[in-house]
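Trainee: Got a predicted structure here, sequence first:
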Amino acid sequence: MLKKRGPQQTELEMVSLDSLVPSNHLLRKIDAHIDFSFIHDKVAPLYCADNGRPPLDPTMLFKALLVGYLFGIRSERQLVREIEVNVA
């Protein structure tokens, strides 16, 4: 049976990522108390400035591994899926 289309959405709702993650979330607390900028200094000698592909941000790589450890995610593929889906 064919149905008539309902009304189309005409309003736009703006949502920020900060409003989706609770203020007392574990990752917010970690980010507030730990300054991860030291990672760049530690890994700078391991990167070549003029050869190879552009590097991924080492801070983001470290944070991803930390999230995997904290939440018990053992597989890197599962970790990537969780990071893509989970807003926190």
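Mentor: Received, thanks. Note that this is a predicted model, so its numbers are computed, not measured.

Trainee: drop to CA atoms for contacts and neighbour counts, all remaining ones
Mentor: Noted.

Trainee: count of neighbours near G68?
Mentor: 19 (other Cα atoms under 10 Å).

Trainee: what residues are up against A32?
Mentor: For A32, the contact set (Cα atoms under 8 Å, 6 or more residues apart in numbering) is empty.

Trainee: In this protein, where is pLDDT below threshold?
Mentor: 1-2 (pLDDT under 70).

Trainee: Now do the helices in it.
Mentor: 17-20, 26-33, 38-43, 58-70, 76-85 (DSSP state H).

Trainee: which residues sit in contact with L27?
Mentor: Per Cα under 8 Å, 6+ apart, neighbours of L27: A88.

Trainee: again with V87
Mentor: Contacts of V87 (Cα under 8 Å, 6+ apart): L17, L20, V21.

Trainee: filter those residues to the buried ones?
Mentor: Neighbour counting with 16 or more other Cα atoms under 10 Å marks none of these as buried.

Trainee: end to end, how far does stretch 24-44 reach?
Mentor: 33 Å (Cα to Cα, to the nearest Å).

Trainee: I meant stretch 22-36, not that one.
Mentor: Start-to-end, stretch 22-36 (Cα to Cα) is 21 Å.

Trainee: Over to stretch 34-42?
Mentor: Note: stretch 34-42 ends 16 Å apart using Cα to Cα.

Trainee: Going forward, the N-terminal residue is numbered 725.
Mentor: Yes, from this point I'll number from 725; that puts the last item at stretch 758-766.

Trainee: Name the residues of that stretch that are buried.
Mentor: Per 16+ other Cα under 10 Å, stretch 758-766 contains no buried residues.

Trainee: for stretch 801-812, same thing?
Mentor: For stretch 801-812, by 16+ other Cα under 10 Å, it's L803.

Trainee: Would you format the contacts of V811 as JSON lines with distance to P769 included?
Mentor: Output for the contacts of V811, formatted as JSON lines (distance: Cα to Cα, whole Å):
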{"residue": "L741", "distance to P769": "34"}
{"residue": "L744", "distance to P769": "38"}
{"residue": "V745", "distance to P769": "36"}
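
Trainee: and stretch 752-768, how far from the chain's centre?
Mentor: Centre-to-centre, stretch 752-768 and its host chain are 15 Å apart (Cα atoms, centre = their mean, to the nearest Å).
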